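1. Predicted structure and sequence below. I'll ask about it afterward.
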Amino acid sequence: MKKLGYKAVASSLLVAGLLLAPVSAVTTDVAAAASSAKETTASIQLWVDGKQLKLSAPIYKENGVTLAPMTDLLNALEASSVYEKKSQTVIIRSSTLTITLAIGQKEAIVNGKTVKMDAAATTQNNVVYVPLRFIAEKLEAKVEWDKAANAIKVKSWYYQQLEKYEEEEETEAVYREEDKLSSTQIVDLFDESVLMIMTNKGLGSGVVIGEDLILTNYHVIFDATSAIANSIYYDEFKVKGVVAYDEEADLAILRTEEPMELVPVGLSYDYLARKGDRVYAIGSPLGFMNTVSTGLISNYHFENGVSYLQTNAQTDHGSSGGALFNEYGELVGITTAGMDNSLANIGIAVSAFHAAELVESVTEDMVNKAGFLTPPLPDTLKGVANEDIQKLMKKEFSVVQTLEGDAEITNWQVRRDADGWLLFTANIDPVFYLYYGAATAGELRLWSVNLAHELHRMLPDEQIQVRISFQRDYSFQPRGLASDEVTPLGEGKWRVQYPVMDLQLKDQLYIETRF
């Protein structure tokens with residue numbers, strides 16, 4: 001299974017010194033400009049998840065837009081933040097969500113995309129303020145105005161889910177203890193309905209949802225040009241292609257060339273999936289076909305509009321696209337991701353109602369036109385101009401997804417050096433590297449190995465070097481670095497630059513990292 005970021009409790013960054021300084025006099029002009037438009041209001045309360053926050057500074061409105069002290073709001077929503085004095089930049093992180101704000105600017109960069117805001121982040125009396133609704137909603141929270149209480153009430157996604165399940169407690173009475181199924185009964189009902197999927201790129205699992213339709217993960221099939229589905233009866237079903245997919249939810253529906261004559265699994269928007277409930281996973285981890293494991297729903301997560309179930313039912317590479325059932329035989333999730341090398345045994349499944357939504361969108365015409373998707377990477381880059389290779393690198397290798405958020409890889413350059421090597425160079429986001437490089441070293445290294453594999457596949461006869469560097473300008477001369485890693489720029493500026501990942505490959509691979 002691939003790794004996938006998920007919403008988790010984020011601890012505050014503990015930083016000191018000049019790297020993360022409090023707002024100082026350099027922001028006076030911005031603060032003064034903001035205060036001129038500041039609306040005088042009675043003291044506005046801020047409630048998060050049913051509790052009133054004790055604010056470090058009062059909320060105010062600017063041209064009708066509510067601004068709140070950043071630290072108070074983000075701590076309550078369990079997101080971390082960094083304020084950089086030098087660049088007047090605020091960086092907010094919550095799992096794979098990264099929001100970058102410039103003080104005084106009405107634009108934010110959300111996971112690499114520019115988004116307009118109704119008001120800019122600003123400072124008042126050494127406190128950073130952010131537009132409350134914009135930030136809260138980007139973090140999947142719900143914002144409401146309580147006029148009678150003169151209060152803004154924010155509900156995090158977790159709190160919304162808690163309210164939802166509390167409201168549904170009465171309807172859950174229909175689920176009786178005597179209707180629960182044992183593990184053997186679950187297997188008897190659904191073992192033949194879960195398939196092992198082998199593509200020309202790798203291995204995964206799938207769930208039968210129609211006479212010739214299979215539900216799986218998008219990442220199992222997105223770059224494949226052929227696939228075969230195998231049943232427990234040793235039948236092989238050739239896959240005709242993809243009927244529909246939802247890349248954000250990591251789901252895809254496949255069509256086989258012939259009917260499978262297997263029992264389909266029902267999909268529904270209504271099923272029981274409470275934290276602490278027992279669940280059963282069926283899939284093909286490491287190619288061990290239709291392996292059954294059991295565990296609990298450990299937690300809920302919500303990210304970019306997608307709901308996930310966390311489970312400790314054991315899964316592994318090859319389980320992606322498999323089924324997660326509750327004790328009543330209902331499909332509650334599609335096993336999608338897991339965390340390697342974790343004693344906590346963390347697995348992630350896409351909530352099944354996203355699959356129900358995808359199935360509902362399928363038309364007869366879509367079924368008839370099923371075909372494999374165009375792979376994002378070509379079979380070969382032989383004869384392709386360096387400028388075009390450079391564009392491909394920017395498009396396909398500009399982000400590394402990690403459990404600490406997205407690490408952006410920028411300024412890709414491709415050239416032939418004097419020794420005939422094909423040299424690829426780029427820069428890693430310096431802020432991400434400084435604060436998260438060591439924590440994500442394993443994930444960054446795996447990304448680099450995959451990059452090397454793909455480059456060798458597309459350019460098998462080339463000697464290739466890939467150098468990803470840290471680069472940042474400072475207003476002082478950092479010490480303890482090699483002489484060629486610090487360059488004076490004049491006017492009291494110095495540039496620090498050194499490679500953090502160096503890959504060299506032809507028939508073998510050499511990797512050197514600096515984390």
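-> Received the coordinates, thanks. Numbering: from 1, shown residues only.
2. so how far is stretch 422-439 from its chain's centroid?
-> Distance of stretch 422-439 from its chain centroid, counting by Cα atoms, centre = their mean, to the nearest Å, is 18 Å.
3. In it, which residues are buried?
-> Neighbour-count burial for stretch 422-439 flags 422-433, 435-437 (criterion: 16 or more other Cβ atoms under 10 Å). (C-beta placed from N, C-alpha, C; glycine too.)
4. State the pair within these that is farthest apart.
-> The two members of those with the most space between them (Cβ to Cβ) are 422 and 435, at 32.2 Å.
5. Cross the buried residues of stretch 422-439 against helices and list the overlap.
-> Here DSSP state H is the test, and the buried residues of stretch 422-439 give 430, 431, 432, 433, 435, 436 as lying in helices.
6. Let me have these in a markdown table, extended by distance to residue 247.
-> Putting these into a markdown table (distance: Cβ to Cβ, whole Å) gives the following:
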| residue | distance to residue 247 |
| --- | --- |
| 430 | 29 |
| 431 | 27 |
| 432 | 24 |
| 433 | 28 |
| 435 | 29 |
| 436 | 25 |
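7. Same list (these) but as a markdown table, adding distance to residue 496 and pLDDT.
-> Formatted as a markdown table, those follow (distance: Cβ to Cβ, whole Å; pLDDT from 0 to 100):
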| residue | distance to residue 496 | pLDDT |
| --- | --- | --- |
| 430 | 9 | 94 |
| 431 | 13 | 90 |
| 432 | 15 | 91 |
| 433 | 11 | 94 |
| 435 | 16 | 90 |
| 436 | 18 | 91 |
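8. wait, which of those is closest to residue 285?
-> Once Cβ to Cβ is applied, the member of those that ends up nearest residue 285 is residue 436, at 29.0 Å.
9. wait, isn't that closest one in contact with residue 407?
-> Yes: in this structure, residue 436 is within contact of residue 407 by Cβ atoms under 8 Å, at 7.3 Å.
10. just curious, which of the buried residues of stretch 422-439 is nearest to residue 288?
-> residue 436 (34.4 Å).
11. Contact partners for that closest one?
-> 402, 404, 405, 407 (Cβ atoms under 8 Å, 6 or more residues apart in numbering).
12. Just give the number of residues close to the residue lying closest to residue 220 once chain neighbours are set aside.
-> Excluding the flanking residues, the one nearest residue 220 by Cβ to Cβ, 6 or more residues apart in numbering is residue 204, at 3.4 Å. By the criterion of other Cβ atoms under 10 Å, residue 204 has 28 neighbours.
13. Helix or strand for residue 204, just tell me which one.
-> strand 203-208 (DSSP states H and E).
14. do residue 453 as well
-> Residue-wise, residue 453 maps onto helix 441-458 under DSSP H and E.
15. can you list the weak-confidence ranges in the stretch 51-200 of the chain?
-> By pLDDT under 70, the weakly predicted segments of the stretch 51-200 of the chain are 95-96, 165-174.
16. hey, where'd the helices end up in it?
-> Per DSSP state H, counting those that start in this stretch, the stretch 51-200 of the chain carries helices over the ranges 70-76, 132-138, 157-167, 183-190.
17. Let's have those in CSV, adding distance to residue 99 and mean neighbour count.
-> What follows is these, written out as CSV (distance: least, Cβ to Cβ, whole Å; neighbours: other Cβ atoms under 10 Å):
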stretch, distance to residue 99, mean neighbour count
helix 70-76, 10, 21
helix 132-138, 6, 21
helix 157-167, 16, 14
helix 183-190, 41, 15
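18. quick one: which of these is nearest residue 270?
-> helix 157-167 (12.3 Å).
19. what's in contact with the closest one?
-> Contacts of helix 157-167 (Cβ under 8 Å, 6+ apart): 7, 49, 50, 139, 140, 141, 142, 155, 274, 300, 302.
20. my guess is residue 350 meets residue 332, correct?
-> No: the criterion here is Cβ under 8 Å, and residue 350 misses it with residue 332 at 10.1 Å.
21. Out of the contacts of helix 157-167, which two are the most distant from each other?
-> 139 and 274 (23.7 Å).
22. okay, those two: which has more neighbours?
-> residue 139 (22 against 15).
23. need the contact list for the more buried one.
-> So residue 139 contacts 77, 79, 94, 97, 156, 157 (Cβ under 8 Å, 6+ apart).
24. Report the separation between the fifth one and residue 142.
-> When Cβ to Cβ, to the nearest Å is the yardstick, residue 156 and residue 142 sit 8 Å from each other.
25. So if I had to pick from the two, which one is more boxed in?
-> Using other Cβ under 10 Å, the more surrounded residue of residue 156 and residue 142 is residue 156, with 21 against 14.
26. So the more buried one sits against residue 49, correct?
-> Yes: at 5.6 Å, residue 156 and residue 49 qualify as touching, with contact defined as Cβ under 8 Å.
27. surely residue 186 meets residue 329?
-> Yes: using Cβ under 8 Å, residue 186 makes contact with residue 329 at a distance of 6.3 Å.
28. picking up where we left off before, now distance to residue 242 too, for the helices of the stretch 51-200 of the chain, in TSV please.
-> TSV is the format used below for the helices of the stretch 51-200 of the chain (distance: least, Cβ to Cβ, whole Å):
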stretch	distance to residue 242
helix 70-76	39
helix 132-138	31
helix 157-167	30
helix 183-190	23
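29. Indicate which one of these is closest to residue 414.
-> Nearest of the helices of the stretch 51-200 of the chain (Cβ to Cβ): helix 132-138, 34.5 Å.
30. Show me what the closest one packs onto, helices and strands only.
-> strand 65-69, helix 70-76, strand 97-102, strand 142-146, strand 151-155 (3 or more Cβ pairs under 8 Å, 6 or more residues apart in numbering; DSSP states H and E).
31. For the stretch 401-515 of the chain, which segments are assigned as strands?
-> Using DSSP state E, counting those that start in this stretch, the strands of the stretch 401-515 of the chain run over 405-416, 422-428, 464-474, 486-490, 493-505, 509-513.
32. Of all these, which one comes closest to residue 190?
-> Judging the strands of the stretch 401-515 of the chain by Cβ to Cβ, what sits closest to residue 190 is strand 405-416, at 36.2 Å.
33. Parallel or antiparallel, list what pairs with that closest one.
-> strand 399-402 (antiparallel), strand 422-428 (antiparallel) (DSSP bridges).
34. I'd like the ones you listed written out as CSV, with distance to residue 125 and mean pLDDT added.
-> What follows is the strands paired with strand 405-416, written out as CSV (distance: least, Cβ to Cβ, whole Å; pLDDT from 0 to 100):
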stretch, distance to residue 125, mean pLDDT
strand 399-402, 36, 85
strand 422-428, 36, 97
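35. Any chance of JSON lines for those, columns distance to residue 61?
-> Formatted as JSON lines, the strands paired with strand 405-416 follow (distance: least, Cβ to Cβ, whole Å):
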{"stretch": "strand 399-402", "distance to residue 61": "36"}
{"stretch": "strand 422-428", "distance to residue 61": "39"}
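36. looking at these, which is closest to residue 388?
-> strand 422-428 (13.2 Å).
37. I'd like to check what contacts that closest one. Which residues are they?
-> 393, 397, 407-417, 437, 455, 459, 462-471, 500-501.
38. If burial is judged by neighbour count, which of those pass?
-> Neighbour counting with 16+ other Cβ under 10 Å marks 393, 397, 407-409, 412, 414, 437, 455, 459, 462, 464-471, 500-501 as buried within the contacts of strand 422-428.
39. can you give me the helices in the stretch 201-350 of the chain?
-> 218-221.
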